[in-house]
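[1] Next input, structure requested:
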Amino acid sequence: MRPDHGHDHDDGGSAVPEARTPAQIEADIVRRRGQLAETLDEIGVRLHPRTIVGDAKAKVVSTVDHTAGRAVVTVNRFMTDVRDGLRDDDGAPRMDRIVPVVLLAAGVVGLIVVSARRKR
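    Numbers count the residues shown, from 1 in each chain. Purely as a prediction, here's the structure:
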């Protein structure tokens with residue numbers, strides 16, 4: 001015999017069904033219909049195209065935010081290293097490093113301008 005845990009209905013797990021009144025059976029059917037309706041509503045919400053698109057957007061935004069955050073940290077670290085490399089220990093500019101960097105940047109800009117004019 002099963003111990004009574006305060007349940008007045010059969011949960012479907014017993015091998016020998018308990019004798020129940022028609023009212024108990026009807027109440028159990030109503031309860032199970034309610035549970036089934038809730039489950040179907042939840043499935044409907046989860047499978048609705050708007051929910052799927054919203055979940056996909058949220059995942060993409062999260063991935064982009066994470067990637068962008070890592071990129072910002074990397075760029076900041078690089079810029080700090082460059083800035084530190086263009087100054088001596090006292091914080092004074094090191095012209096022996098700044099002049100080549102400026103010349104290189106001017107050369108790259110010049111190549112871009114020449115290339116853009118040729119394409120026209």
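
[2] Can you give me the buried ones in the helix or strand that contains Thr39?
    Assessed by DSSP states H and E, Thr39 sits inside helix 22-47. By neighbour count on 16 or more other CB atoms under 10 Å, the buried set for helix 22-47 is Asp28. (Each C-beta comes from the backbone N, C-alpha and C, glycine too.)

[3] So for the helix or strand just after it, mean pLDDT?
    Next helix or strand after helix 22-47 toward the C-terminus (DSSP H and E): helix 49-85. The average pLDDT for helix 49-85 rounds to 92.

[4] Give me the distance between helix 49-85 and the centre of its chain.
    Distance, stretch centre to chain centre, for helix 49-85: 11 Å (CA atoms, centre = their mean, to the nearest Å).

[5] Taking helix 22-47 as reference, get the angle to it.
    Angle, helix 49-85 to helix 22-47, by axes from the mean of the first three to the mean of the last three CA atoms, to 10 degrees: 40 degrees.

[6] by how many degrees do whatever helix or strand comes next after helix 49-85 and helix 49-85 diverge?
    The C-terminal neighbour of helix 49-85 among helices and strands, as given by DSSP H and E, is helix 95-119. Here helix 95-119 points in a direction 130 degrees away from that of helix 49-85 (the same axes, to 10 degrees).

[7] What residues sit buried inside helix 95-119?
    In helix 95-119, counting by 16+ other CB under 10 Å, buried: nothing.

[8] Neighbours of Thr67, how many?
    Thr67 sits with 10 neighbouring residues when counted by other CB atoms under 10 Å.

[9] Next one: it from Val73, what distance?
    Computed with CB to CB, to the nearest Å, the distance linking Thr67 and Val73 is 11 Å.

[10] and what of Leu36?
    For Leu36 relative to Val73 (CB to CB), the value is 50 Å.

[11] can you check Arg117 too?
    Counting by CB to CB, the gap from Arg117 to Val73 is 37 Å.

[12] got a list of contacts for stretch 86-105?
    Gly85 (CB atoms under 8 Å, 6 or more residues apart in numbering).

[13] what about it, distance to the chain center?
    42 Å.

[14] can you give me the end-to-end distance of that stretch?
    Stretch 86-105 has an end-to-end distance of 15 Å (CA to CA, to the nearest Å).
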